[in-house]
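> here is my input, please return the structure:
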Amino acid sequence: QLAESGGGVAQPGASLRLSCVDNVHNVGIFTMGWFRQAPGKEREFVAMITKFGGETDYGDFVKGRFTISRDSVSNRLDLQMNNLKVEDTALYYCAASGTEGPIRLPTSYEYWGKGTQVTVSS
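Prediction:
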């Protein structure tokens, strides 16, 4: 249902923009978010945005480098990532929840994409 795109290889300090589309136009989607998982590590919260009001929240490591945005009509979700670091290397997942509100726990998201790989390397 959710399909990510925009991953790739980037050098430290560069930018990438990830996108996620809802291919079935699920009217039950409210909060949407991004998570990431590096090899050997747990899935980590990156960012989220609510459907009404556009409330956002970011993982502590983001520190102003990433910006999440969405089109609430089409359920398109974007993540602009600037000043990438080697430690940002991971598989990035788009997720969607039937609940509206600030949600950081991956278990609170019912819908998931298959992920898009981001590799930051010099």
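> who's in contact with the residue nearest to the spatial centre of the chain?
For the chain, W34 is the residue whose C-alpha lies nearest the centre (C-alpha atoms, centre = their mean; 2.1 Å). Shown in contact with W34 (C-beta atoms under 8 Å, 6 or more residues apart in numbering): 18, 20, 46-48, 68, 77, 79, 92-95. Placement of C-beta: from N, CA and C, glycine included.
> what's the per-residue pLDDT of it here?
If you check W34, the pLDDT there is 98.
> equivalent analysis for V73, please.
For V73, the model assigns a pLDDT of 83.
> for it, grab the count of nearby residues.
Using other C-beta atoms under 10 Å, the number of residues around V73 comes to 8.
> before we move on, back to that, can you lay out the contacts of W34 as a markdown table showing neighbour count?
Shown next, in a markdown table, are the contacts of W34 (neighbours: other C-beta atoms under 10 Å):
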| residue | neighbour count |
| --- | --- |
| L18 | 24 |
| C20 | 25 |
| V46 | 25 |
| A47 | 22 |
| M48 | 26 |
| I68 | 22 |
| L77 | 28 |
| L79 | 27 |
| Y92 | 23 |
| Y93 | 24 |
| C94 | 29 |
| A95 | 25 |
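> show me where the protein has its strands.
Using DSSP state E, the strands of the chain run over 2-5, 8-10, 16-22, 32-37, 44-49, 56-58, 66-71, 76-81, 90-96, 111-112, 116-120.
> between these, which one is nearest to L105?
Between L105 and the strands of the chain, the tightest spacing by C-beta to C-beta is seen for strand 44-49, at 7.7 Å.
> S108: how many residues sit nearby?
Neighbours of S108 under the rule other C-beta under 10 Å: 15.
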